[in-house]
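# Below: sequence and its predicted model.
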Amino acid sequence: MDARATVDETYRLESRRVLATLIRLLGDFDRAEEAMHDAFVAAVEQWARDGVPANPRAWLVSTGRFKAIDTARRRARFDRSLAALARELEEAAAADPITETDDVEDDRLRLIFTCCHPALKADAQVALTLREVCGLTTEEIARAFLSSAPTIAQRIVRAKAKIRDAKIPYQVPARSELIDRLDSVLRVIYLVFNEGYSATEGDSLVRGELSSEAIRLGRLLVELLPEPEALGLLALMLLHESRRGARTAPDGTIVLLADQDRSQWNRAVIAEGSALVERAITSRRFGPYTLQAAIAAVHAEAPTGAATDWRQIVALYDVLLRADPSAVVVLNRAVAVAMRDGPAAGLALIDEILARGELADYHFAHAARADLCRRLGRIDDARASYTRALELVKQEPERRFLERRLDELSALRLR
Amino acid sequence: MRYMCLIYDNEQTWAKMSKPEADAVMGEYFAFTKDIRSSGHYQAGEALQAVSTATTVRVRDGKLSTTDGPFAETKEYLGGFYLINARDLNEAIQIASRIPSARFGSVEVRPVVEFNH
């Protein structure tokens, strides 16, 4: 491999680690990005001339650090405040030189927790994590979220300014804060995953990459901080991902879980997900992500839709409701109850939720109600609920699915 | 770094408290203040009188205008503040979360601009 190819390869494998360490050493995101860029530029020239260093990452961090000192010194001629910074960075470099045993993995965790700091806006946490931790460009993030590059760029600039001005520290939270702070990290990762998995507008290729990126982040987190809910979230994402190929028909229409071709499910991914669920459950400190993953695992292990262990699934929803008493969980439990005890039992529960005014604007609540009415032979009620669901649905494949169901009802009528 | 912790309360919450309840919260405030004084985080702190005592002052084109009440009508009003020293935002958040009103009102944490004279 020539030096240029080695630099490219090193960039792909190591640039996020180099950046994470430079942010700690230089105390600023923008300064660290500039320094990293300068270090890679220097690598192209020097590695071709002198050969690739024994530890490319340590070389890049060290070079980046001295480039930052040079830059500060040069700019100090125009901005006096930078002279003090240059001195500070220089003293720090002399006192604490880069060693190969530096704990770079801690730096990656610091970066994740900083990007997902709850003092930042939720959409900024997502954009910043994809930009800094995953290395996506602002254009890629914009495409994935159907937004414009300047909007995403501005979000990231504002978030970095808050990190600097309000002094959000670059650290892994202490044990006492860890669980709360981890929640925010898991939420960002799951949001990225769902954006790539559920939303079907936009470029499907980019969206698939978003899910892969979330799974990569989930793996990184599990490797660095194997907390039960981190395991649970990774398991949940893997179990969903294992069905990706089977969940849409060739024309893009949604295929319901019960109707999916189970031979298309990725067994290796299911096995990995199920093993993670077991690890998380044994810890006895699990939460909502692990429980949702456990439910997904029961589905994944059923040989056919009809052979699904609904008793087990309802029991898991009962536990989940205690951890997360949200209306969506109540609705999903109602669907499982319908499968265990028959459509009438499930319908009574869904009508209770709708009567409370919760989820009245959630298309899935009406679609679920319609399906149960259909199975009970209440065709007019089914039609009304499908129609309401159609008014609320935003995604094209789901719209097509609902339209087809409505057509099928009309056919039933004619018979 | 210095952070201002602005305490926003709904005055109704205080009005609805019984005397022993309000005394208990005040006791917590005194204990909290004593605590952050001894830990070195405390710089200043005051409780403000009811929002009904507020006057808003403006000067426009050299002309003074005074109006009754606060700048903006909301449910939660500024009821007091602490000015604290903290290592970073995380420490400031930890301290602010121990202010008794954080449990029923809210506390806005803002870094102070340090001017170099």
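In hand now; what should we look at?

# drop to CA atoms for contacts and neighbour counts, all remaining ones
OK.

# Contacts only, for A:Cys134.
A:Arg16, A:Glu213, A:Leu217 (CA atoms under 8 Å, 6 or more residues apart in numbering or on different chains).

# if we go to 6 Å?
By CA atoms under 6 Å, 6 or more residues apart in numbering or on different chains, the contact list for A:Cys134 is empty.

# how near is it to chain B?
A:Cys134 sits 24 Å away from chain B, going by CA to the nearest CA, to the nearest Å.

# Equivalent analysis for A:Tyr11, please.
Counting by CA to the nearest CA, the gap from A:Tyr11 to chain B is 32 Å.

# ok, now A:Arg17?
24 Å.

# what's the helix or strand for that residue?
Here A:Arg17, judged by DSSP states H and E, is contained in helix A:3-26.

# So what touches that helix?
A:Phe29, A:Ala32, A:Val44, A:Trp47, A:Ala48, A:Val61, A:Asp107, A:Arg108, A:Leu111.

# at 7 Å instead, please
Applying CA atoms under 7 Å, 6 or more residues apart in numbering or on different chains, the contact partners of helix A:3-26 are A:29, A:32-33, A:36, A:43-44, A:47-48, A:57, A:60-61, A:65, A:104, A:107-108, A:111, A:133, A:135, A:170.

# which ones among the residues you listed are found in helices?
A:29, A:32-33, A:36, A:43-44, A:47-48, A:57, A:60-61, A:65, A:104, A:107-108, A:111 (DSSP state H).

# before we move on, the earlier item: just the buried members of the contacts of helix A:3-26?
For the contacts of helix A:3-26, a burial check counting by 16 or more other CA atoms under 10 Å in any protein chain shown picks out A:29, A:32-33, A:36, A:43-44, A:47, A:57, A:60-61, A:65, A:104, A:107-108, A:111, A:133, A:170.

# pLDDT (mean, whole number) over the helix holding A:Arg17?
Across helix A:3-26, pLDDT averages out at 93.

# Go through that helix and flag the buried ones.
Quick answer for helix A:3-26 (16+ other CA under 10 Å): A:3, A:6-7, A:11, A:14-26.

# how far does that helix sit from the chain's center?
Relative to its chain's centre, helix A:3-26 lies at 23 Å (CA atoms, centre = their mean, to the nearest Å).

# same question, stretch B:103-117
10 Å.

# Pull the residues that contact it.
With CA under 7 Å, 6+ apart as the test, stretch B:103-117 has contacts from A:Ala166, B:Arg2, B:Tyr3, B:Met4, B:Cys5, B:Leu6, B:Ile7, B:Tyr8, B:Asp9, B:Asn10, B:Ala96.

# which secondary element of chain A has the worst mean pLDDT?
Ranking every helix and strand in chain A by mean pLDDT, DSSP states H and E puts helix A:396-414 at the bottom, with a mean of 83.

# for chain B, same thing?
Ranking chain B's helices and strands by mean pLDDT, DSSP H and E puts helix B:11-16 last, a mean of 90.

# Find the nearest non-adjacent residue to B:Lys75, please.
Excluding the flanking residues, the one nearest B:Lys75 by CA to CA, 6 or more residues apart in numbering or on different chains is B:Asn10, at 5.9 Å.

# measure the one you found to B:Ser18 for me?
15 Å (CA to CA, to the nearest Å).

# Neighbour count: the two, which is higher?
Taking neighbours as other CA atoms under 10 Å in any protein chain shown, B:Asn10 and B:Ser18 compare with B:Asn10 leading, 17 against 10.

# Could you confirm A:Leu349 falls within a helix?
Yes. Per DSSP: H, G, I helix; E, B strand; the rest coil, A:Leu349 lies within a helix segment.

# longest single helix anywhere in chain B?
Under DSSP H, chain B gives helix B:19-38 as its longest helix.
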